[in-house]
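Visitor: coordinates only, no sequence provided:
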């Protein structure tokens with residue numbers, strides 16, 4: 001159901017850690033679509049801090065600084081709560097490294113206007129720049145998420161380009177701690193679906209720039225992701241009857 005645009009107060013939320021070369025371009029591209037921008041600095045180096053200070057001084061961003069590097073998940077939690085406290089109803093998460101297509105911002109916002117209670121998840125469409133190991137690892141996570149939710153509702157739980165309804169998202173943050181690192185994106189998506197938040201999937205182009213800066217640590221982050229899936233599979237078991245009931249109701253509707 002569509003709702004009047006006046007009832008929606010979205011913002012963009014960008015976590016950053018040392019992406020000094022790409023953040024200004026990303027901010028300006030998002031602001032061109034009329035969105036206010038909240039940037040969460042997750043303990044970046046001096047050069048990146050200087051770029052962020054200039055953006056803040058020019059009025060381009062609201063800047064939130066964490067005292068030291070805590071991880072993408074911790075930065076996003078801080079930003080989501082700050083967005084809610086600033087009066088926003090929705091937050092569009094987008095990476096600072098230039099991977100995401102800012103031309104799709106209007107598509108995310110339109111989907112949110114039509115489905116204001118939904119989480120709008122980007123489904124990554126890659127070109128040849130994607131590392132094969134990362135691509136195959138994503139497929140494994142997709143299968144795990146379908147098992148953890150007993151549904152195919154979430155096409156891509158690892159894409160960091162998505163739009164959150166802040167009321168339900170912040171309520172879930174308050175309910176139980178979320179991962180502080182790269183496993184955040186998948187866990188919050190699964191837990192919001194468990195909570196009953198509808199999911200809308202939106203295909204969007206994702207690239208891996210040649211000079212891009214990735215903070216994904218193959219050994220440590222894959223270990224975290226494995227532990228997360230174990231935790232979520234165990235968490236699914238007591239929820240299984242309710243999840244199957246919801247699935248049956250959707251199929252019967």
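Guide: Cool, the structure landed. None of these values were measured; they are calculated from a predicted model. Numbering: from 1, shown residues only.
Visitor: center of this structure - which residue?
Guide: residue 160 (4.1 Å; C-alpha atoms, centre = their mean).
Visitor: can you confirm it is in a helix?
Guide: No. Counting by DSSP: H, G, I helix; E, B strand; the rest coil, residue 160 is not found in a helix; it is coil.
Visitor: spit out the contact partners of it.
Guide: Contacts here follow C-beta atoms under 8 Å, 6 or more residues apart in numbering; on that basis residue 160 touches 72, 93, 94, 95, 100, 122, 185. From N, CA and C alone the C-beta is placed, and that goes for glycine too.
Visitor: the last one looks like it's in a helix, true?
Guide: Pointing back at residue 185 there. Yes. Counting by three-state DSSP, residue 185 falls inside a helix.
Visitor: and it, how many neighbours?
Guide: 22 (other C-beta atoms under 10 Å).
Visitor: quick check: the gap between it and residue 50.
Guide: Residue 185 sits 28 Å away from residue 50, going by C-beta to C-beta, to the nearest Å.
Visitor: same deal with residue 66?
Guide: 17 Å.
Visitor: residue 80 now?
Guide: 26 Å.
Visitor: now the strands: where do they sit in this protein?
Guide: 10-16, 37-41, 62-65, 90-93, 119-126, 162-165, 199-206 (DSSP state E).
Visitor: can you list the helices and strands that the fifth one packs against?
Guide: Counting contacts by 3 or more C-beta pairs under 8 Å, 6 or more residues apart in numbering; DSSP states H and E, the secondary-structure elements packed against strand 119-126 are helix 105-114, strand 162-165, helix 184-195, strand 199-206.
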